[in-house]
Each structure stands twice: as structure tokens, then as C-alpha cells.
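*Asks:* I would like the atomic coordinates for the input below:
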Amino acid sequence: MNGTYQLTPLAAVGPGMVLGDVLRDGKGNVLLAQGVVLTEGMLASLARHGVELLPILGAARAEAAVAIDPTQVQERLDRLFRKHERDNHGDWATGLLRQYMEDFRLKREVQR
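*Replies:* Down below sits the predicted model:
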């Protein structure tokens, strides 16, 4: 992922922001990979590790990094489930698994 990033103070970083470069500790060990979408738990852990600055992608690049293309998701699921017809109700377990994977990848709320 090539792009410009800014070193941003940890206090100014929020959940959902994207790392623009690999984050390493003082010894050179990788803490988080480039392109990771930060969560509250990650930010709390980084604070405990004494991390002060994070390489954060610019807002436009961050949105592009987490954008979901439904067509690509469907194509990938069609490939993974190529031996299962989407409307085949005889194999309910595979259909249910596909639906859960689709909901997860498209970040839909699961219907219970």
C-alpha cells in the first residue's frame, strides 16, 4: 500500500483510522502491519507499550483502504462455493455458511 501518511500523536488517533506504514517498537519488532484498521483495543494496547506517534494514512486514502466492493465479494464467494448452487436449498448448511461469510465480508448486521 503506497501512499502518504502523517506521523500522528496517539492521542489524536481514533478507531477506524488506517496505518500507512508498519509500526515497530524500539527494538524493531513489528507491532502492527501496514494497512491495519485500528480499533479501540489496539489503541489502548499501544498506549500501554509507550507508543507516541502512529503513521496514519490521509483521510481519502483511509476510506479507499477500507472500501468494500460488493461485486468482488460476490465473485470471490462464487469461486469459493463453486460446487454449490446459490439457490440449492437441499444443502442448507453450505448455504448458511455462505450467507454468514457474505454478511461478514460486506459488514452487514447478522439477522437472528
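
*Asks:* do a quick rundown of the strands in the protein.
*Replies:* Shown for the chain, the strands assigned by DSSP state E span residues 5-9, 23-24, 30-32, 53-57.

*Asks:* go through those and pick out the most buried.
*Replies:* Most buried of the strands of the chain, by mean neighbour count (mean count of other Cβ atoms under 10 Å): strand 53-57, with a mean of 20. In short, each C-beta sits where N, CA and C put it, glycine included.

*Asks:* what angle do that one and strand 5-9 make?
*Replies:* Interaxial angle, strand 53-57 versus strand 5-9 (axes from the mean of the first three to the mean of the last three Cα atoms, to 10 degrees): 140 degrees.

*Asks:* tell me the mean pLDDT over strand 53-57?
*Replies:* Throughout strand 53-57, pLDDT has a mean value of 90.

*Asks:* related to what we said a few turns ago, including distance to residue 101, could the strands of the chain go into CSV?
*Replies:* Output for those, formatted as CSV (distance: least, Cβ to Cβ, whole Å):
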stretch, distance to residue 101
strand 5-9, 31
strand 23-24, 29
strand 30-32, 25
strand 53-57, 27
